[in-house]
Each structure stands twice: as structure tokens, then as C-alpha cells.
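*Asks:* Kindly generate the corresponding structure for this input.
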Amino acid sequence: MGIINTFKGFFGNWVENMTSSNDTVIDIGPGEFDLMMKDISSSKIGFLEYSITVCINKIANALSQCQFDTFTNGKSEQNNMWYLFNVEPNLNQNVTDFWNKLVFQMVTDPKGALVVQTYEGYLLIADSYSIDEYAVRENIYSNIVVNKLNMNRVFQEYEVLHLKLSNKNIKEFVSAANSIYEKILVNTIKDYQRSKSKKIFVNIKSMFNQFKNKINPETGKSEYDETLDNLFKNRLKAYFSDSDCAIPIEEGLEIDDRTKQLSGSKYKETDDIRALFDDMLNLCADAFNIPRGLLKGDVADVEAMTDNFITFCMNPIASLIEDEINRKLYGKEKVLSGTKIKIKTASIKGYDPLKLANAAEALYRIRSVNTNWVRKMLREEPIKEAWAEEYMETKNYQNVKGGVDSEKN
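*Replies:* Residues are numbered from 1 along each chain as shown. You can find the predicted model right below:
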């Protein structure tokens, strides 16, 4: 029939099923949301990249909260190296931007992230580079490009910071799982589109069949086909676009909308799609050792999850960066003499002064911390007085000789 070809060309997404000799059911996609979901399924948007980006942002933001303490001969001081890693790594990036790009390169580049230092002392992260690896002599780095600038020189191992995750197969592992989830997601979206589409039954009664014999000499079509073509191409257009409409129906035709009857559960399909997103996020969270609830913003047991995140995710990454900085930017002799950098991940966690009070007092009276240490934990500025750097000890913890307090002898 002419109506079927016309209808197919106009609406695109349709399903035809003859429930009887005189009933035609037409299935129409419901609207903009379904078109968006169709675009997702057809273009196969990288859900892997989305999930990995969420993990990278979580790690990079936590890393930017770490305190990079610098020491000279064992004494803490804020020098140029401290400013470089806590405030401004280079002219165009702050620490948050710098660590975000660094972590991204560590995850996405199989060779790892490469940091080079300019003559002015700034740190730059390479967008691409080549590496020649050797067993008993230093590796050679070449073709280094930073923001479309070719460095035009060769770097030896001691001149760069080369940072690689211990598990180099994270992205490959997640990619393999993503290919499976992507196929499932496409099918789930198709099921959603099918369930939300409009089901229209057109009951063509015998009275209307008489128009098949009336042929229009100009078009060569019967009045039967022309009437149905006009019905679906013009008169039902407003109905399928969800706008207000009034549709005249010829005698012998009857339209029955059974969308609600045949669509099934209202929320089941969207819940299935959401569950697939959650599975992908959970997979990436496990690969990076990030607690699942922390990644998705759960508030239950957030303190325990934060401790777990710091212990199993951030501490290994911080140790990796700390070791590379110390061995390349300081060297063996300086590190052994106490001149080095130390990354403190404890600053990732926010501390309530009232909750910290008892623990801080206990540490303070056994000469483990001083006043400025406590203020640093609370993200307060240090007090520039000599007494704020002193370590105190209560009498009951002082040295005892022969069972008698040394102060009494």
C-alpha cells in the first residue's frame, strides 16, 4: 500500500504489525529524549573515557590538596621548590591544572607522564614524546612536544621526571570490559526506545474498503491510499509531535492509542541504563582503588571511605611522585643529608577542630607535634613565634631515673 511507504519515509522509526486483516499498528518514537538516546547508541560515546575521567579528577583534586613540604638539612622551610609544587608549577598552570594533566597522562599514555624542567626552573608536562630504554645506562627522551612546542633537544633520564602507574594495564583492562558494556548499553537503549514509542492501531473497516476502486486519474492512486497518506503524513503530525491537535477521521476508520497498555514498566528501562553506568563507574573505581561510594558521592561512612582512599589509592601515587622528585631534583647526597621533599596526604582529609582536639593534645604532650603542626592540619596559617615551633612534654612523660621523676632529683 502507498500509505506504508509514505509513513516509513516520513517518520523513519516505525514497526508494522498486522493484528488482523483490517488492523494496522504503527510504532512511533516518542520525542527528543529518544533521539538523544539513539545518538548515544549510534555514535557509541566513550563511556570508558567518562568513567576514567571521573577517577582522574578525583585523584588529581586530592593530589592538589596534598602538602608538599620541603626540608633543608632536616629543617622544614618554604623555598622555591615549595612554591613550585604547592602554588605555581609553570606560568600557565596552577597546581590543580598541573596535577590533573599529570594524572591524565599517567593513565592514558602507556609510556607514562613525562615532566621536563625549563631553564627558568618551571615544570612542563609533555603531550607526547619518544623514549629509548636501556638496561645499564640512562634512558633517552626525544621528540618532546609541549602545547605544540617541540623542545628540539634530547633529554637524559636524570633531566626529567618520568611517572608511571604501577598497574600499566588499567586502561587496557577497563577498555576490554567497556566493549562488553557498550554492546549491552546499546541494546538496553533500543529496548527503552521500543517501550516508550507510541502504539497506534488503525482499524480499517469494510466500509472504507470501497474507496480502493476510486482511482484519481492525475496521481494514479486510489482514494483509499490518498486518504491514508494524508492522515499519517499531515493530520497525525501534530499528534506525534505532542502538540495540541484535532484530527478528523473518515467514516470507516478508527484510531486506537494503546501506548500505555503495551509499553510496560515506566521506569524499568531507564533504571537498566543507569545501572550500566554505575557498573562502569564501579569497574573503574576498583581499578584505581577508589571506594565506590566516594566516587559517586555517597555520604554514608564517608570518613572510613576517605581513609581507605588515602591509604590504598593516594599514598602509593604520592610515594611514586615523591621518590621521583627526590632522586631527580635533589639527588642522593642531599636526600641523605635531609634536604628533600615530602608529600603529606593527611591534608586531603578535612579535620573538625573539635574532633581533632583530644588527639592533638595527646600528641602534643608526648612531644610528637607542636602548635604549628596542629594549625597546619586545620589549614590555618602558622604562628611566626618561636614558642609555636617548640615541642612540649608533660611531666608524667619526662625521663625517669630509678623510678623517680628526673625533675625531683
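
*Asks:* where does the chain have low pLDDT?
*Replies:* 1-47, 166-182, 188, 191-197, 238, 241-246, 248, 258-270, 272-273, 399-409 (pLDDT under 70).

*Asks:* what sits against the nearest residue to Tyr397 once chain neighbours are set aside?
*Replies:* Distances taken as C-beta to C-beta, 6 or more residues apart in numbering put Ile366 closest to Tyr397, at 5.3 Å, once the chain neighbours are dropped. For every residue, glycine as well, the C-beta is placed using N, CA and C. Taking C-beta atoms under 8 Å, 6 or more residues apart in numbering, we find Ile366 in contact with Glu393, Thr394, Tyr397.

*Asks:* any idea how far Ile366 lies from Tyr122?
*Replies:* Separation of Ile366 from Tyr122 (C-beta to C-beta, to the nearest Å) stands at 42 Å.

*Asks:* Pick out the residue nearest the middle of the protein.
*Replies:* In the chain, the residue lying closest to the centroid (C-alpha atoms, centre = their mean) is Val54, at 1.6 Å.

*Asks:* Next, give phi and psi for that one.
*Replies:* phi -60, psi -40 (degrees, to the nearest 10).

*Asks:* mind listing what it touches?
*Replies:* Here Val54 is in contact with Leu281, Cys284, Leu295 (C-beta under 8 Å, 6+ apart).

*Asks:* if we go to 7 Å?
*Replies:* Val54 sits next to Leu281, Leu295 when contact means C-beta atoms under 7 Å, 6 or more residues apart in numbering.

*Asks:* what about the closest residue in space to Glu390 that isn't next to it in sequence, how many neighbours?
*Replies:* Spatial nearest neighbour of Glu390, chain neighbours left out: Asn370 (6.0 Å); criterion: C-beta to C-beta, 6+ apart. Asn370: 19 surrounding residues under other C-beta atoms under 10 Å.

*Asks:* Kindly report the same for Val103.
*Replies:* Other residues close to Val103 by other C-beta under 10 Å number 25.

*Asks:* So it versus Tyr134, what's the distance?
*Replies:* 27 Å.

*Asks:* before we move on, what about Lys212?
*Replies:* According to C-beta to C-beta, Lys212 and Tyr134 sit 85 Å apart.

*Asks:* more crowded one of those two?
*Replies:* Lys212 (12 against 9).

*Asks:* Glu333 and Leu84, how far apart?
*Replies:* Separation of Glu333 from Leu84 (C-beta to C-beta): 21 Å.

*Asks:* So if I had to pick from these two, which one is more boxed in?
*Replies:* Shown here are Glu333 and Leu84; by other C-beta under 10 Å, Leu84 has more neighbours (22 against 8).

*Asks:* If we ignore the residues flanking it in sequence, what's nearest that one?
*Replies:* In space, Leu84 is closest to Leu123, 6.5 Å off (C-beta to C-beta, 6+ apart).

*Asks:* Thought Ala113 was touching that neighbour, still the case?
*Replies:* No: using C-beta atoms under 7 Å, Leu123 makes no contact with Ala113, being 11.2 Å away.

*Asks:* Give me the buried positions along the helix or strand Thr96 falls within.
*Replies:* Thr96 is part of helix 95-108, with elements assigned from DSSP states H and E. In terms of neighbour count (16 or more other C-beta atoms under 10 Å), helix 95-108 has its buried residues at Val95, Phe98, Trp99, Asn100, Lys101, Leu102, Val103, Phe104, Gln105, Met106, Val107.

*Asks:* Ok, stretch 67-82 next?
*Replies:* Gln67, Phe68, Asp69, Thr70, Phe71, Met81, Trp82.

*Asks:* Return the distance of the residue nearest to the centre of the chain relative to Leu294.
*Replies:* Val54 is 11 Å from Leu294, where distance means C-beta to C-beta.

*Asks:* isn't Lys212 right next to Tyr224, touching?
*Replies:* Yes: Lys212 lies in contact with Tyr224 (C-beta under 7 Å); the separation is 4.4 Å.

*Asks:* Next, count neighbours for Gln398.
*Replies:* Neighbour count for Gln398, taken as other C-beta under 10 Å: 11.

*Asks:* scratch that, Leu356 is what I was asking about
*Replies:* Number of residues near Leu356 (other C-beta under 10 Å) recorded here: 14.

*Asks:* Only alpha carbons, please: show the host helix or strand of it as CSV.
*Replies:* Taking DSSP H and E as the criterion, Leu356 maps to helix 353-364. Output of helix 353-364 as CSV, limited to C-alpha atoms (Å, rounded to 0.1, in the frame of the first residue of the first chain):
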residue,chain,number,x,y,z
PRO,A,353,38.8,21.3,65.3
LEU,A,354,36.6,19.8,68.0
LYS,A,355,37.2,16.2,66.8
LEU,A,356,40.9,16.8,66.4
ALA,A,357,41.3,18.4,69.9
ASN,A,358,41.7,15.3,72.0
ALA,A,359,44.1,13.6,69.6
ALA,A,360,46.2,16.7,69.1
GLU,A,361,46.5,17.2,72.9
ALA,A,362,47.7,13.6,73.3
LEU,A,363,50.3,14.0,70.6
TYR,A,364,51.3,17.4,71.9
